[in-house]
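Q: Sequence first, predicted coordinates after that:
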Amino acid sequence: MRGDAGARVARPRILIVGGGAAGTLVALHLIRTAGRRSTGCDIVLLDPVDLLGRGVAFGTTDEQHLLNVPASGMSALPEDPGHFVAWRGRQDPDRPSEPWDFAPRRHFARYLHETLTDALAKAAGQVALRQVRAQAVAVRRAGAGAVVVTDDGREVTGDALVIATGLPVAGHAWAPEGLSSSAFFVPDPWAPGALEVIRRDRCGPGSVLLVGTGLTMVDVALSLAIPPARSPATGGDRVLHAISRSGRLPRSHARAPKLAAIPDVSSWGPTLSELRERVGRHFGDVAAASGDWRPAMDGLRVQVSTLWSRLSEPDRITFLAQDAGRWNVLRHRMPRSSAMTLNQLRSTGQLRLSRGSVADAQPLARGGLRVGLSDGTHHDVGWVVNCTGPQTDIRLLGNPLLDDLLRPGNGAAFARVATGGMGVQTANGRLINSYGNSDAPLWTIGALRRGELWESTAIPEIRSQALVVATAVLDAIAPLSRRLADGRIVSGHHPIARPRDPLGLPLSTTAEAATSFNAGLERVMRLQSGAEELLREATGIDPDFALAHAALAMLGHEAGAPADVAASLAAARRAVAKRGDDRERSLVEVIGRRVTDTRRIGAQALKAHISDHPRDVLAVSAAVPTIAFSGVTDLQQEAWELVEGLAPAYGDHWWYISLLAFTRQEQSRFEEAGLLAESALACEPSSGHAVHAQTHVMYETGQHEEGRVWLDHWITETGRSAGYRAHFAWHAALHELALGDLEAVRRRYQAHLAPPAVTGVRALIDSAALLWRWQMDVGSSERGATPPPVHPVIGAIEPALLRAPQTPFIALYAAIALAASNDRAGLEVLRRHCQSSPDGSMRVTVVAVCEALIAVCEQRWEAAVQLLEDVLPGLVQIAGSAAQREVFQDTLIFALVKAGRSARAGDLLDSRLIRRPSPLDQRRRHTLRGLQSPTP
Ligand SMILES: Cc1cc2nc3c(=O)[nH]c(=O)nc-3n(C[C@H](O)[C@H](O)[C@H](O)COP(=O)(O)OP(=O)(O)OC[C@H]3O[C@@H](n4cnc5c(N)ncnc54)[C@H](O)[C@@H]3O)c2cc1C
């Protein structure tokens with residue numbers, strides 16, 4: 001027997017069985033992750049195929065076989081959702097590569113192959129990959145590792161094994177004997193050359209029966225009706241009859257992308273009947289609000305594994321029997337172009353669709369078959385093609401490896417089947433054996449996890465699983481070395497001495513206090529409210545837990561959370577003197593410095609801390625907040641560099657992807673920002689940073705109606721426990737303002753932005769600024785829509801925030817609030833306060849803004865124009881996002897109009913319209929043209 005069993009494995013070796021898309025993606029992520037961790041390893045991929053990354057789906061050579069997922073969903077790298085789109089752009093620079101393109105499937109195979117080759121080249125010397133061209137037929141344990149036996153008798157040893165065998169066989173158990181044994185039956189349309197025979201063979205009746213009406217039928221119909229140009233045979237004149245029990249075609253994708261409406265399923269019950277009712281309501285609500293059911297389906301897909309995990313086994317089986325067909329029709333959609341071609345074929349009678357199943361089949365003398373259908377009719381056809389899709393029950397696949405995994409040997413079988421035989425049971429991808437243990441070094445991915453996840457066959461799910469499995473495998477067989485508290489570095493496995501935070505950083509506290517702390521930290525990461533209570537709970541459980549006290553002080557100081565900053569900081573200092581590691585000591589120190597001097601010494605200390613501890617999410621949250629407050633720098637470029645520099649520390653973590661999405665929209669890279677935000681939300685539907693980023697994208701790209709509907713859905717669903725609800729309401733109100741629906745703005749203001757719902761700093765930044773924006777809306781008063789009074793808002797803001805703010809950002813919005821209430825004296829007090837500030841931006845920029853607003857209040861329009869024209873460029877750094885800063889430009893436009901300089905106001909509006917579409921600015925432009933045109 002040939003093989004390398006027993007050979008000494010010098011460095012970790014990982015075996016992957018299956019070189020389709022899933023196995024290739026596992027290899028890719030192993031290479032990249034091992035490269036990042038500087039872990040040397042060898043990968044052995046076992047598959048008899050010639051080329052990796054193809055499999056049934058992407059091995060097709062027919063250009064008409066398109067991906068059924070838009071290009072934006074097909075990136076191999078979860079942290080870079082635009083990767084495939086960019087790759088396509090590089091292939092053909094003359095043709096725009098759009099995220100919403102549906103590329104030919106074979107392009108994806110090339111993309112995977114090149115991405116793998118690139119990653120291997122980058123990891124040269126550290127990671128090696130080789131293919132063993134053989135079928136795996138059996139597995140056994142060898143020490144801590146595994147041995148794979150191949151059909152040609154080799155034995156390949158590894159420290160871990162990933163099984164990625166997909167679902168290659170087309171099942172045709174439904175076919176009666178007369179059909180399955182006929183030469184005119186094509187049991188597997190994906191087999192090489194299978195459809196070529198039909199095109200070439202002209203004997204027998206001309207029509208073809210396609211059994212199944214899903215995506216496989218779509219492929220087959222396109223291939224048979226429109227033969228590839230290079231095919232010598234015609235065949236395009238054949239009539240195609242497609243039948244299935246439902247007679248339903250898959251639905252098509254929308255004309256343009258629509259954001260997923262992710263439902264909050266936390267209160268959805270665990271029974272199928274309740275699920276049906278909730279899903280129906282979700283679809284109804286989303287379709288009513290957005291005019292389309294697809295966002296409901298896409299949002300549901302994000303939550304489907306959670307819902308599936310709650311269902312009992314009998315309910316899952318009932319779902320498979322009664323609901324899965326409908327689910328598949330709505331979920332597995334075809335590209336619009338394919339749908340249009342099919343419609344055309346149907347209209348010319350070349351494709352006929354009906355309900356039914358095959359009852360029997362008899363051979364015809366001249367070739368072909370007479371097929372009897374369940375409705376009693378008979379049809380003479382040249383060929384019958386099985387389009388019913390893959391066999392999903394792994395017990396019926398006849399794959400020797402899977403049979404071996406399920407067979408008990410001397411003890412437990414390596415695997416046990418999941419629901420309906422749709423794969424095996426796992427603990428996060430690691431196989432659970434028939435005794436219920438998951439200690440063997442065996443993992444799986446993709447279709448073999450359908451029974452436990454339901455949705456687990458498409459690239460969006462597979463690529464994330466591939467990364468998780470790659471990381472888990474390396475953690476198990478080549479764990480990273482760790483530094484102990486006493487400074488020693490230890491490698492290999494060891495008990496975890498201290499609890500960890502969500503990013504894996506150790507916490508000097510008890511497990512119980514760490515649980516509360518982590519729940520609080522996760523709320524901070526998701527931008528949810530209520531973090532302080534959980535942190536306080538942690539300090540109650542362990543009063544010497546320095547980081548929990550420090551976090552409270554930080555949230556109080558940085559984000560205005562209800563916390564006694566001085567007391568928490570003092571408690572943190574006392575606690576860290578007793579117990580704490582380098583990072584904890586450093587963070588307490590940094591917070592002390594931020595409290596003393598947020599912008600200079602504090603900012604420097606925070607940056608230095610992050611450079612030593614990049615995975616400290618509390619510190620990063622304070623340094624680059626996406627909503628509100630100061631951060632560490634006024635320079636956008638510097639903030640962007642900080643975020644980009646953190647990439648190696650976070651990889652594809654949803655929290656980091658959310659921050660990156662926000663950065664990308666600030667850089668006006670809206671497409672990337674949108675993709676990143678979507679990708680983060682698919683992992684964590686409550687991510688406030690991602691929603692915030694997406695909201696800016698919608699605003700800056702002029703998608704006001706869709707943006708409002710999407711944001712409203714999020715606010716009422718997953719965003720129910722969001723912090724900064726006022727800010728999200730402000731964003732929704734901006735959409736309404738842009739749409740010219742001032743009554744909707746008024747309703748939203750009264751419900752979500754007026755005191756007492758909103759007070760303090762958010763009332764300043766969101767509520768008052770919105771009312772001022774409305775006051776500055778050229779033409780709104782002419783339309784008879786005066787804004788609500790501003791004095792209740794002023795009354796809900798602490799006087800110190802209005803008259804003696806600490807940062808230029810707050811000072812600017814204090815000036816706006818005072819102007820909105822026509823408080824000239826207040827503006828003068830604020831101006832004097834800023835003039836005496838040690839901060840240059842306060843002394844120069846904010847003082848000028850105060851003077852400009854005093855001029856506006858006094859209707860000295862020319863003076864206001866002059867001051868605002870001078871100061872506007874400097875506001876980029878201190879006045880927040882582009883959408884927020886517009887309020888200052890609105891003020892300038894208003895002053896220009898009042899000063900009789902409509903032409904200049906028009907120019908400004910034009911330059912804004914070039915930057916971003918806006919129906920509001922267009923309306924204003926229209927009004928100004930009226931003002932400019934000479935009176936007859
Ligand atoms: C027609 C079709 C179109 C699709 N289109 C899309 C699409 O557009 N977008 C999308 O996201 N998804 C699509 N899918 C879903 C698709 O299944 C997955 O995206 C992906 O291709 C699955 O890859 P896989 O590696 O798990 O399986 P496969 O592609 O089936 O690959 C499995 C590999 O394992 C090998 N293998 C099996 N058993 C053994 C063994 N015992 N020993 C050694 N090797 C073995 C096989 O030779 C094969 O190469 C499509 C699926 C089909 C069938």
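A: Perfect, thanks for sending it.
Q: okay, CA-based contacts and neighbour counts for the rest of this
A: OK.
Q: Look up which helix or strand the residue lying closest to residue 332 once chain neighbours are set aside falls in, please.
A: Using C-alpha to C-alpha, 6 or more residues apart in numbering and skipping the chain neighbours, the partner closest in space to residue 332 is residue 250 (6.5 Å). Assigned by DSSP states H and E, residue 250 belongs to no helix or strand.
Q: Kindly state the pLDDT recorded for residue 481?
A: With respect to pLDDT, residue 481 scores 70.
Q: Also the one 3 residues further on?
A: Residue 484 carries a pLDDT score of 59 in this model.
Q: Residue 765 versus residue 774, what's the distance?
A: Per C-alpha to C-alpha, to the nearest Å, residue 774 is found 14 Å from residue 765.
Q: now residue 605
A: Plainly put, residue 605 is 27 Å away from residue 765 if you go by C-alpha to C-alpha.
Q: again with residue 259
A: Computed as C-alpha to C-alpha, the residue 259 to residue 765 distance reads 28 Å.
Q: remind me which residues of the stretch 501-650 of the chain are low pLDDT?
A: Along the stretch 501-650 of the chain, segments meeting pLDDT under 70 span 598, 628-635.
Q: can you rerun that using 90?
A: Low-confidence segments of the stretch 501-650 of the chain (pLDDT under 90): 504, 529, 557-563, 594-603, 622-640, 648.
Q: tell me the helices in it, going along the chain?
A: Per DSSP state H, counting those that start in this stretch, the stretch 501-650 of the chain carries helices over the ranges 511-526, 531-541, 546-559, 565-578, 582-596, 601-612, 617-623, 636-645, 647-650.
Q: out of these, deepest packed?
A: Mean neighbours per residue, mean count of other C-alpha atoms under 10 Å, is largest over the helices of the stretch 501-650 of the chain for helix 546-559, with a mean of 26.
Q: Quick check: pLDDT value at the residue most central in space within the chain.
A: Nearest to the mean C-alpha position of the chain, counting by C-alpha atoms, centre = their mean, stands residue 679 at 1.3 Å. On pLDDT, residue 679 comes in at 93.
Q: ok, it - contacts?
A: When the contact criterion is C-alpha atoms under 8 Å, 6 or more residues apart in numbering, the partners of residue 679 are 78-79, 81, 654, 657.
Q: and the two most separated of those residues?
A: 81 and 654 (12.2 Å; C-alpha to C-alpha).
Q: Would you mind listing what in the stretch 351-500 of the chain touches the ligand?
A: 399, 401, 446-447, 457-459 (C-alpha under 6 Å from any ligand atom).
Q: Write the PyMOL selection for whichever of those are buried.
A: Buried residues among these (16 or more other C-alpha atoms under 10 Å), as a PyMOL selection:
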select buried, resi 399+401+446+447+457+458+459
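Q: Make CSV out of the residues of the stretch 351-500 of the chain next to the ligand and add secondary structure, pLDDT and distance to residue 42.
A: Below are these laid out as CSV (DSSP: H, G, I helix; E, B strand; the rest coil; pLDDT from 0 to 100; distance: C-alpha to C-alpha, whole Å):
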residue, secondary structure, pLDDT, distance to residue 42
399, coil, 94, 26
401, helix, 97, 22
446, helix, 97, 22
447, helix, 96, 25
457, coil, 92, 27
458, coil, 94, 27
459, helix, 95, 25
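Q: of the residues of the stretch 351-500 of the chain next to the ligand, closest to residue 287?
A: Looking across those and measuring by C-alpha to C-alpha, the closest to residue 287 is residue 458, at 24.9 Å.
Q: ok now do the nearest residue to that closest one once chain neighbours are set aside, which residues does it touch?
A: Leaving aside its sequence neighbours, residue 458 sits nearest to residue 446 (C-alpha to C-alpha, 6+ apart; 7.7 Å). Counting by C-alpha under 8 Å, 6+ apart, residue 446 makes contact with 22, 164, 166, 456-458, 461-462, 465.
Q: quick one on the thing from earlier: does the residue nearest to residue 332 touch residue 325 like I think?
A: No. Using C-alpha atoms under 8 Å, residue 250 is not in contact with residue 325, being 9.9 Å away.
Q: ok, these two, which is more surrounded?
A: residue 250 (23 against 17; other C-alpha atoms under 10 Å).
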